[in-house]
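*Asks:* Quick one, what's the 3D model for this:
(one chain, ligands or ions: 1)
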Amino acid sequence: MTNGILKGKKGIIFGALNDQSIAWKVAERAHEEGATFVLTNAPIAMRMGEINELAEKTGSQIIPADATSVEDLENLISQSMEILGGKIDFILHSIGMSINVRKGRHYTDENYDFSMKGLDVSALSFHKVLQTSMKLDAINDWGSVLALTYIAAQRVFPDYNDMADNKSYLESIARSFGYHYGIAKKVRVNTISQSPTMTTAGSGVKGFNEFINYSEKMSPLGNATALDCANYCISMFSDYTKYVTMQNLFHDGGFSNTGVTQEVIERFKD
Ligand SMILES: NC(=O)c1ccc[n+]([C@@H]2O[C@H](COP(=O)([O-])OP(=O)(O)OC[C@H]3O[C@@H](n4cnc5c(N)ncnc54)[C@H](O)[C@@H]3O)[C@@H](O)[C@H]2O)c1
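*Replies:* Prediction:
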């Protein structure tokens, strides 16, 4: 399925760590749809070197940047405009990390240094990307900026821990910055709330296998895959969704509007 719907568009894709990453699939699909883009990730994530394979496959350059560092972001965004030959049309923020989750700290026993770092990486970095782009006037009119989120921002999933708070903050930034960027430059800002997906970040959550199975049974269409999430991102970067902004868009097979499914009810029969 390639229709060239991103032909001539330029972008920056954050967060492709390995071929499981949602951002990896977005890069592959964006390339197939005719976009050119720069790939970026935290310098430490480059150590595995897998991103080089993606860069080669998609004819992209890589610029390392810690998304919490405004200096790194300024360098990334201005260099990207030079490499791509002008302003950009789309940005994918596909970044998330909680040290409390990693270290197994319970939500009621957070280490606040860990919490602050997780908030900076997972949420505030989105504001930094948007603010830096705006200051450098780096995005074309009708450009599209996306971040990825999870429904734990609205409902409790206990093991999602402080990432739930980070995602709420992230979604709020999309609304608030979307307002200002819309007025200033007609730039769209949205979050996509994706089904649980087997990736490095996803599988860090305690009991992830059970979680993914539960979600599968609770979604009329089943869990959305990383590739399908990428396809949704492509549509959001295209001109077919020009008036969609400041939204949190569920891409979850219907999970968010389902109270219970027959399949789950059956399991509670006496
Ligand atoms: N996997 C899921 O179940 C799921 C569900 C809904 C939303 N999401 C979201 O999708 C996004 C992508 O995650 P993924 O599941 O593809 O996992 P992933 O582990 O492949 O991607 C997370 C990325 O964040 C990057 N990152 C971490 N710290 C960074 C920093 N300081 N600067 C720049 N980059 C940094 C990592 O290097 C990695 O590439 C995240 O926002 C995640 O919360 C994931």
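*Asks:* which residue ranges form the helices in this protein?
*Replies:* For the chain, the helices defined by DSSP state H cover 22-32, 50-58, 70-84, 99-102, 112-119, 125-135, 163-185, 208-217, 226-237, 262-266.
*Asks:* would you turn the ones you listed into JSON lines with distance to the ligand and mean neighbour count?
*Replies:* (Glycine included, C-beta is placed from N, CA and C.) Shown next, in JSON lines, are the helices of the chain (distance: least, Cβ to the nearest ligand atom, whole Å; neighbours: other Cβ atoms under 10 Å):
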{"stretch": "helix 22-32", "distance to the ligand": "4", "mean neighbour count": "24"}
{"stretch": "helix 50-58", "distance to the ligand": "9", "mean neighbour count": "16"}
{"stretch": "helix 70-84", "distance to the ligand": "8", "mean neighbour count": "17"}
{"stretch": "helix 99-102", "distance to the ligand": "11", "mean neighbour count": "18"}
{"stretch": "helix 112-119", "distance to the ligand": "9", "mean neighbour count": "16"}
{"stretch": "helix 125-135", "distance to the ligand": "6", "mean neighbour count": "21"}
{"stretch": "helix 163-185", "distance to the ligand": "7", "mean neighbour count": "19"}
{"stretch": "helix 208-217", "distance to the ligand": "8", "mean neighbour count": "15"}
{"stretch": "helix 226-237", "distance to the ligand": "7", "mean neighbour count": "21"}
{"stretch": "helix 262-266", "distance to the ligand": "20", "mean neighbour count": "10"}
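*Asks:* Identify the residue spatially nearest to Asp165, adjacent ones excluded.
*Replies:* Leu119 (7.4 Å; Cβ to Cβ, 6 or more residues apart in numbering).
*Asks:* residues contacting that neighbour?
*Replies:* When the contact criterion is Cβ atoms under 8 Å, 6 or more residues apart in numbering, the partners of Leu119 are Asp162, Asp165, Asn166, Tyr169.
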